[in-house]
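> Starting from these lines, generate the structure:
(one chain, ligands or ions: 1)
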Amino acid sequence: MFESLNRQPADKILALMAAYRDDAREGKIDLGVGVYKDASGRTPVMRAVKAAEQRLVETQETKAYTGLAGDPAFAAALTRLVLGDSVDEDRIAAIATPGGTGACRQGFELIRLANPEVTLHASDPTWPNHLSILKFMGMTQKPYRYFDSATGGIDFEGMLEDLGAAQANDVVLLHGCCHNPTGANLTVEQIDQVIAVMQQRGLVPMIDIAYQGFGDGLEADAAVTRRVAKAFDNVLIAASCSKNFGIYRERTGLLIAVSKTADEASLAQDNMNFLNRQNYSFPPDHGARVVTLILEDPEWRADWEAELEDVRLGMLDLRTRLADELRRLTGSDRFDFVARHRGMFSRLGLAPEQVKRLRAEHAVYMVGDSRINIAGLNTDTVPVLAQAIVDVL
Ligand code: LMR
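As a prediction, the model looks like this:
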């Protein structure tokens, strides 16, 4: 029966990972997949994660199933990290999910259950897997203007115009912070205008927040999500611990649904538990428990926050260095946006041909749309990349 299958389109980011691995050249530079790397190219296990895992090994007495929604303590701790006290607890339903991708998928599933006719509006561009999952699920999707490649900033007029033309009850997918793939983010003032247009049109927000702590800090990065959560009766939030806790392979995420009333929240929770049961029964627990231990222990939490802050500041430093070097080499401010962008990614605005040449002639790997992972650099490779970019311009 499997002979009737068609080959699936390769995921561009994962294909890039494989191509980089297979490249035997010395000095190759990996700016592909969104995984943090330190200056020596390692993706370390964070100190607090090690400590919490150690304690789990020593004290955990059972591996019996958790509830369908996962450990309630995890949901409470992560919801607090993301939402602060912006929404009353009795309006919140949540399920643990396998990573942020799992949270996105379950969020889309919940939206479809509630409104099969829905159209999802996603930024142009967005994380390619958003669109791939929506397409696979057969859900209707529409891009809204977002990135202005001429300036490296946001086409805000275009965004408001497109959202202003959406139909009531449509869902708008927003990035909570550190927009993937562009690195260009809405200011708090801009999000207030987006909220006003969405309220006028009767639209429902869904927020993907996968990089909290990588942009302007843990609290600042939650500002957009909290403002949106406060402003609407219904909000979906897909949160990931992959990046800010560095526990990528543990698959640790949370889908949060904000409802108008406690009764509606209970209905949402019932359906979310059902969706977990249909898809994989119980969500993974190890990473969730590690995160909970860290968030609940003041010492570990402080240490985690300090290490995360070092990661964030290191990426900011690399941004400044790259922007400075490109300014020096090009004699122009064309790439200054790299320093203004936040998070792991920047889209450089290079043509696909130039991206290909960077790979072929300089062993520099970036996604085909010229997205770079800033954490793939170090102070030695910044000038190498800058020179390579100038060579292909
Ligand atoms: C990325 O965008 O590179 C990350 O979110 C990893 C992934 O799964 O694509």
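
> To which secondary structure element is the one residue in the chain that gets nearest to the ligand assigned?
Evaluated by Cβ to the nearest ligand atom, the chain has Gly34 as its residue closest to the ligand, separated by 3.1 Å. No exception for glycine: its C-beta is placed from N, CA and C like everyone else's. Using DSSP states H and E, Gly34 maps to neither a helix nor a strand.

> Same check on Ile13?
Using DSSP H and E, Ile13 falls in helix 12-22.

> List the neighbouring strands of the next helix or strand after that helix plus their orientation.
Once helix 12-22 ends, the next helix or strand along the chain (criterion: DSSP H and E) is strand 29-30. Partner strands and pairing direction for strand 29-30 (DSSP bridges) are strand 364-365 (parallel).

> and the strand it pairs with, does that touch the ligand?
No. Applying Cβ under 6 Å from any ligand atom, one finds strand 364-365 separated from the ligand by no less than 12.0 Å.

> contacting residues around that strand?
Residues from elsewhere that reach strand 364-365, judged by Cβ atoms under 8 Å, 6 or more residues apart in numbering: 16, 19-20, 23, 28-32, 358-359, 385, 388.

> so what's Arg340 up against?
Counted by Cβ under 8 Å, 6+ apart, Arg340 has contacts 152-153, 184.

> Let's see if you can find the most crowded of those.
In terms of neighbour count, Ala184 stands highest of the contacts of Arg340 at 26 neighbours, by other Cβ atoms under 10 Å.

> Is it correct that it falls within a strand?
No. Applying DSSP: H, G, I helix; E, B strand; the rest coil, one finds Ala184 to be coil, outside a strand.

> And it, how far from Gln387?
Between Ala184 and Gln387 the computed distance is 25 Å (Cβ to Cβ, to the nearest Å).

> Kindly provide the distance from the closest residue to Gly153 other than its chain neighbours to Cys177.
In this structure, Gly153 finds its nearest non-sequential neighbour in Ala184, 5.6 Å apart by Cβ to Cβ, 6 or more residues apart in numbering. For Ala184, the distance to Cys177 equals 11 Å [Cβ to Cβ].

> what pLDDT does Ile372 get?
pLDDT for Ile372: 97.

> and what of Ala10?
For Ala10, pLDDT reads 88.

> Helix, strand or coil: sort out it for me.
When classified by three-state DSSP, Ala10 comes out as coil.
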